[in-house]
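A.B. asks: coords below, sequence missing:
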């Protein structure tokens, strides 16, 4: 897979496919839910070589904030 043209969505779909056969069903279901609901909407369209530590930190901060809002 070439990092300059492969999207994160394509990469993660392959990763999920690999996990589906190797992990417990509930573990896979959890991974799939997190990836499709929270990660891919933000990072899915980026090519692998465009994902930076800052972009990931921004995603983490946004997710942390949304969870804190739900907990109140």
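C.D. replies: Thanks, I have the structure now. Predicted model, so just to flag it, every value in this text is computed and none were measured.
A.B. asks: I'd like to know how many residues surround residue 62.
C.D. replies: Counted by other CB atoms under 10 Å, the residues lying close to residue 62 total 12. Heads up, the C-betas are built off the backbone N, CA and C, glycines and all.
A.B. asks: Against residue 29, how distant is residue 60?
C.D. replies: 22 Å (CB to CB, to the nearest Å).
A.B. asks: what do you get for residue 35?
C.D. replies: With CB to CB as the criterion, residue 35 and residue 29 are 11 Å apart.
A.B. asks: When those two are compared, which one has more neighbours?
C.D. replies: For residue 35 versus residue 29, neighbours defined as other CB under 10 Å are more numerous around residue 35 (20 against 12).
A.B. asks: Tell me where the longest helix sits in the chain.
C.D. replies: Longest helix of the chain, by residue count under DSSP state H: helix 53-71.
A.B. asks: other SSEs contacting it?
C.D. replies: Helix 53-71 sits against helix 40-43, with contacts defined as 3 or more CB pairs under 8 Å, 6 or more residues apart in numbering; DSSP states H and E.
A.B. asks: mind showing which ranges of this structure have poor pLDDT?
C.D. replies: Counting by pLDDT under 70, the ranges of the chain that qualify are 1, 3, 67-72.
A.B. asks: change it to 90
C.D. replies: Within the chain, the segments meeting pLDDT under 90 span 1-5, 20-26, 62-72.
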